[in-house]
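Visitor: show me the folded form of this:
(one chain, ligands or ions: 1)
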Amino acid sequence: ITKIAVLTSGGDSPGMNAAIRSVVRTCAYLKIACVGVYRGYQGMIEGDFKDMDARSVNNIINKGGTILKSARCDDFRTAEGRKQAHDQLLKANIDAFVVIGGDGSFTGAMIFNQEYDFPIIGIPGTIDNDIFGTTFTLGFDTALNTVVEAIDKIRDTASSHNRLFFVEVMGRDVGHIALNAGVGAGAEEILIPEENRGLERLLESLKRSKKSGKSSSIVIVAEGDKIGRNVFELKEYVEEHLPIYDVRVSVLGHMQRGGPPSCYDRVLASRMGVKAVESLLEGKTNLMVGVQDNKLILTPIEKAIKGHTKIDKELIRVSEIMTT
Ligand code: F6P
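Guide: The predicted structure follows:
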């Protein structure tokens with residue numbers, strides 16, 4: 001392997017730039033050529049490449065988003081699209097690539113690897129932390145800090161007005177952001193897709209909370225929660241059944257994906273980038289770099305996509321005790 005490409009794909013996450021920087025600098029250190037691919041797989045199909053050296057990634061470790069841009073690419077789902085991408089890689093003499101992204105990006109990489117026996121390594125980059133084979137994905141820690149900071153601010157106004165706030169957080173189908181940020185921000189209730197305890201229980205808990213002397217409350221709702229109502233419907237439901245509360249809704253939205261990465265995400269990204277390049281040079285392929293017990297590990301991409309991350313039951317228990 002003499003030339004490695006790096007791309008970011010799917011929803012961006014803080015720490016992607018730090019991972020790009022790490023891949024580029026590891027290549028420079030090992031005297032391997034490195035190419036950045038713009039706009040994920042779409043850029044690969046169109047041959048939107050740029051040679052990168054150690055200086056191309058100056059001053060990006062602290063930046064959110066991705067300097068290479070990102071996209072969710074439908075064309076790469078087709079055999080024709082993947083063939084065009086392969087042609088472009090061959091034309092540019094690229095021997096392998098590192099893809100930084102989530103499960104959709106890894107699925108594309110895995111199929112591409114099977115079709116063309118093309119060496120690939122994945123680095124998990126998503127705020128959702130929904131990838132099997134790693135305790136942390138890049139961006140999760142930063143997103144948690146962003147969410148906690150936002151909820152701290154919401155709490156100030158909630159408490160001044162004795163209000164109940166429903167705060168919707170991202171996470172797609174999983175509740176990792178909601179549960180961790182909920183515990184970190186001291187939420188009264190955390191509604192996650194993994195544990196649907198129903199509306200009755202929510203009302204009971206809010207009643208209890210009011211009775212126990214709490215004047216304001218924060219309820220975190222994961223966007224994928226399955227209670228059957230969205231945050232706005234929840235507001236109406238509670239207002240109707242529990243008129244003791246003055247209720248407001250706050251949907252945090254895409255601010256959760258932006259901002260400078262935390263130190264944890266920067267360090268993890270730097271470690272994963274080195275591991276990804278070294279693994280390719282050792283002849284490894286079709287693997288994802290992950291972290292477990294603070295050690296870097298490699299998991300077959302197929303397992304990373306198909307396995308399910310488990311919600312932390314111990315943390316659910318802690319959250320219940322904390323809302324006493
Ligand atoms: O996967 C990251 C994520 O931010 C999810 O939490 C969210 O459901 C989704 O992406 C939003 O996607 P988009 O930016 O395409 O609306």
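Visitor: ok, the residue in the chain sticking out farthest from the centre to Arg163 distance?
Guide: Relative to the average C-alpha location in the chain, and by CA atoms, centre = their mean, no residue lies farther out than Lys211, which sits at 37.8 Å. Between Lys211 and Arg163 the distance, using CB to CB, to the nearest Å, works out to 17 Å. Bear in mind the C-beta positions are built from the backbone N, C-alpha and C, glycine included.
Visitor: in the stretch 201-324 of the chain, what residue comes closest to the ligand?
Guide: Per CB to the nearest ligand atom, the residue of the stretch 201-324 of the chain with the smallest distance to the ligand is Arg257, at 5.3 Å.
Visitor: over to the stretch 51-200 of the chain?
Guide: Per CB to the nearest ligand atom, Met170 is where the stretch 51-200 of the chain lies closest to the ligand, at 3.3 Å.
Visitor: regarding the residue of the stretch 1-150 of the chain found nearest the ligand, what is its secondary structure?
Guide: Proximity to the ligand, evaluated over the stretch 1-150 of the chain using CB to the nearest ligand atom, is greatest for Gly11 at 3.6 Å. Local secondary structure at Gly11 is given as coil here, using DSSP: H, G, I helix; E, B strand; the rest coil.
Visitor: shouldn't it be in contact with Arg257?
Guide: Yes - Gly11 sits in contact with Arg257 when judged by CB atoms under 8 Å, with a separation of 6.6 Å.
Visitor: which residue is the nearest non-sequential neighbour of Gly258?
Guide: Closest residue to Gly258 apart from its sequence neighbours, by CB to CB, 6 or more residues apart in numbering: Gly64 at 4.7 Å.
Visitor: go on, Asp265?
Guide: Gly15 (3.6 Å).
Visitor: and that neighbour, what pLDDT?
Guide: Model confidence at Gly15, expressed as pLDDT, equals 98.
Visitor: cool, and Gly228?
Guide: We note a pLDDT of 84 for Gly228 in this prediction.
Visitor: quick one: the strands in this structure?
Guide: Across the chain, reading from the start of the chain, the strands by DSSP state E fall at 3-8, 33-37, 49-52, 96-101, 120-124, 163-169, 189-191, 217-222, 246-251, 287-292, 295-300.
Visitor: tell me which other helices or strands the worst-scoring helix or strand of the chain on mean pLDDT touches.
Guide: Each helix and strand of the chain was given a mean pLDDT (mean pLDDT, DSSP states H and E); the minimum falls on helix 198-211 at a mean of 92. In terms of contacts (3 or more CB pairs under 8 Å, 6 or more residues apart in numbering; DSSP states H and E), helix 198-211 is packed against strand 189-191, strand 217-222, helix 231-241.
Visitor: can you list those in TSV and add distance to Leu179, mean pLDDT and mean neighbour count?
Guide: Below are the helices and strands packed on helix 198-211 laid out as TSV (distance: least, CB to CB, whole Å; pLDDT from 0 to 100; neighbours: other CB atoms under 10 Å):
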stretch	distance to Leu179	mean pLDDT	mean neighbour count
strand 189-191	6	96	25
strand 217-222	8	96	25
helix 231-241	17	95	15
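Visitor: and those as TSV, adding distance to Asn58?
Guide: Conversion of the helices and strands packed on helix 198-211 to TSV gives the following (distance: least, CB to CB, whole Å):
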stretch	distance to Asn58
strand 189-191	41
strand 217-222	38
helix 231-241	42
